[in-house]
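Peer 1: Return atomic coordinates for the entry below.
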Amino acid sequence: MSTNLLNQASVRGEFARQLELAANVGLASRLALEVNSDVETDVYALVSRVPKARKWLGARQMKTITAVRQSIRNEPWESSAQIPLPDFQRDQTMQLAGKLGELATELMTNRWRLITDLIKNNTALAYDGLALFHASHVFGNSGTQTNLLTATECPKLNVATAADPTPEELVEAIMQAIGYMQGYLDDEAEPFMQDSREWLLLYPQDLQGTFRIALGANNLAGGEVNPVKASIDGLSITGRMEKRLYSAASGNTVFYIVSTDGGRNKPFVLQNENGPNVNALGPGSEWALLNNTIALLGDWRGGAGVGEPLRIAKCTLS
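Peer 2: Predicted structure coming up:
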C-alpha cells in the first residue's frame, strides 16, 4: 500500500475529518458547556440572576450580582498504537489505515467518558460544595432542592416491580420527574427550567427494551396517546442506553434525566486546552528504522467538571 497515507498533512487531514464525524454522534456537547482553556486550572462562576421586577416605590433597591466559583484542572490524555511495518506495507484492504479513525473516535469518546465518570462516581463537587447528586442544593433564596429523585418526590417512581417496570409505568415516572425538575428555583426563588423543552434520558442496558417502548411507542397498552412520544407542549424527550453508568452492583433501577436546552447553562463543563491531536511516525521515520513499526500518537489535554447540578437528576425506581 502507499506510504503517502502517513505523511503528516494527510494524517492530520484524515484525523480532523474523523474527529468531526465522532463529534457529530457524541453526547458531550449536549450535556456540557464546551470552553477553550489556556491555563492549567480554570475557574468558573455560577452567577446570580438579576432581581425580579418590582413596583417602583421610593429609591431603587439594588441587588449585588454575586457568584460562586469552582475550578477544573486540565490533564493530559493519550492514546498511542504501533503497527508492525511489514503488516502495514502488506495491508491491501486499508484496514490498518482505518486505525486512524479509531484513534480519533477514542479521543472524542474519552471526553464523554469523563462526563459519565462524573455521573457514576458522584464525587466531584458542585458550586455549593456538595456532590453533583445531593438532597440539599441551595443557591441564594432557592431553598433546599434535591436532584436525587425517589418516590418521595415523584410517587410515580414507585412501580410494581422496580427491576422490571412496564412501559406505561416508565412513561408516568418520566413525565412526573420532568415536571418536578421544571419546578427547580433559582436564587430569586423563580423557576428557571419550566420552559425547558429538550430532555435526554440515560438508562441501563437491562431495561433498554422497555425504555425504547416508553420513548418510541405512539400509543400505550390501553390505547391512550403516549405523552413522551407525542411531544405534548413541545417537549422533545430522547434516550440512550449508557452502559458506562452501570455496574453489576448498581442494578437497573436507576435512570438519569438531563435538561439539554439550557444554552450556556449545562450540567457539566468540558474544557479543552490542547487537541485532540495526532502525529504519525511513518515508514521513513527514525522510529520505524529502529523498531520496524509505524506509530500513531494521539493526545488531548483538557478536563471536565460539574456545571449546573440541577440540570440533571438521578431517578430511582422502587
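
Peer 1: for this protein, what spans make up the strands?
Peer 2: Counting by DSSP state E, the segments of the chain that form strands are 32-36, 41-47, 67-73, 75-84, 148-149, 198-203, 236-241, 254-259, 268-281, 293-306, 312-316.

Peer 1: any low-confidence regions in the stretch 201-318 of the chain?
Peer 2: Per-residue confidence for the stretch 201-318 of the chain (pLDDT under 70) gives these ranges: 248-251.

Peer 1: swap the cut-off to 80 and go again
Peer 2: Scanning the stretch 201-318 of the chain for pLDDT under 80 picks out the ranges 230-233, 247-251, 262-264.

Peer 1: Look at Asp128 and report its pLDDT.
Peer 2: Confidence at Asp128, expressed as pLDDT, is 88.

Peer 1: any chance of the strands of the chain in CSV, with mean neighbour count too?
Peer 2: Every C-beta, even on glycine, is put in place using the N, C-alpha and C of the backbone. What follows is those, written out as CSV (neighbours: other Cβ atoms under 10 Å):
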stretch, mean neighbour count
strand 32-36, 16
strand 41-47, 14
strand 67-73, 15
strand 75-84, 15
strand 148-149, 20
strand 198-203, 21
strand 236-241, 16
strand 254-259, 23
strand 268-281, 20
strand 293-306, 21
strand 312-316, 22
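
Peer 1: Next, format those as TSV and append distance to Thr109.
Peer 2: Shown next, in TSV, are the strands of the chain (distance: least, Cβ to Cβ, whole Å):
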stretch	distance to Thr109
strand 32-36	14
strand 41-47	23
strand 67-73	19
strand 75-84	10
strand 148-149	28
strand 198-203	15
strand 236-241	14
strand 254-259	18
strand 268-281	11
strand 293-306	11
strand 312-316	20
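
Peer 1: do you know which of those strands lies nearest Val228?
Peer 2: With Cβ to Cβ, the closest approach to Val228 among the strands of the chain belongs to strand 236-241: 5.1 Å.

Peer 1: The closest one pairs with which strands, and in what direction?
Peer 2: Listed by DSSP bridges, the sheet partners of strand 236-241 and their directions read strand 198-203 (parallel).

Peer 1: what inclination does the strand it pairs with have with respect to strand 312-316?
Peer 2: If you take axes from the mean of the first three to the mean of the last three Cα atoms, to 10 degrees, strand 198-203 sits at 40 degrees to strand 312-316.

Peer 1: Figure out how far strand 198-203 is from the centre of its chain.
Peer 2: If you compare the mean C-alpha spot of strand 198-203 with that of the full chain, they lie 10 Å apart, counting by Cα atoms, centre = their mean, to the nearest Å.

Peer 1: now do stretch 220-233
Peer 2: On the basis of Cα atoms, centre = their mean, the separation between the geometric centre of stretch 220-233 and that of its chain is 27 Å.

Peer 1: So what touches it?
Peer 2: When contacts are defined by Cβ atoms under 8 Å, 6 or more residues apart in numbering, stretch 220-233 is touched by residues 166-168, 171, 174-175, 197, 214-219, 235, 237.

Peer 1: and the end-to-end length of it?
Peer 2: The separation between the terminal residues of stretch 220-233, taken as Cα to Cα, to the nearest Å, is 19 Å.

Peer 1: ok, now stretch 283-303?
Peer 2: End-to-end distance of stretch 283-303 (Cα to Cα): 34 Å.

Peer 1: Please, where are all the helices along the stretch 1-150 of the chain?
Peer 2: Listed from the start of the chain, the stretch 1-150 of the chain has helices (DSSP state H, counting those that start in this stretch) covering 8-25, 28-31, 85-90, 99-121.

Peer 1: looking at these, which one has the lowest mean pLDDT?
Peer 2: Looking at the helices of the stretch 1-150 of the chain, the bottom one is helix 8-25 with a mean of 65.

Peer 1: From the contacts of stretch 220-233, keep the buried residues only.
Peer 2: Among these, those that count as buried by neighbour count (16 or more other Cβ atoms under 10 Å) are Thr166, Pro167, Glu168, Val171, Ile174, Met175, Ala214, Leu215, Ala217, Leu235, Ile237.

Peer 1: per-residue confidence at the spatially closest residue to Asp299 that is not a sequence neighbour?
Peer 2: The shortest distance from Asp299 to any non-neighbouring residue, by Cβ to Cβ, 6 or more residues apart in numbering, is to Glu78 (4.7 Å). Per-residue confidence for Glu78 comes out at a pLDDT of 93.

Peer 1: I'd say Glu78 and Ala295 touch.
Peer 2: No. With contacts defined as Cβ atoms under 8 Å, Glu78 does not count as touching Ala295, sitting 11.8 Å away.
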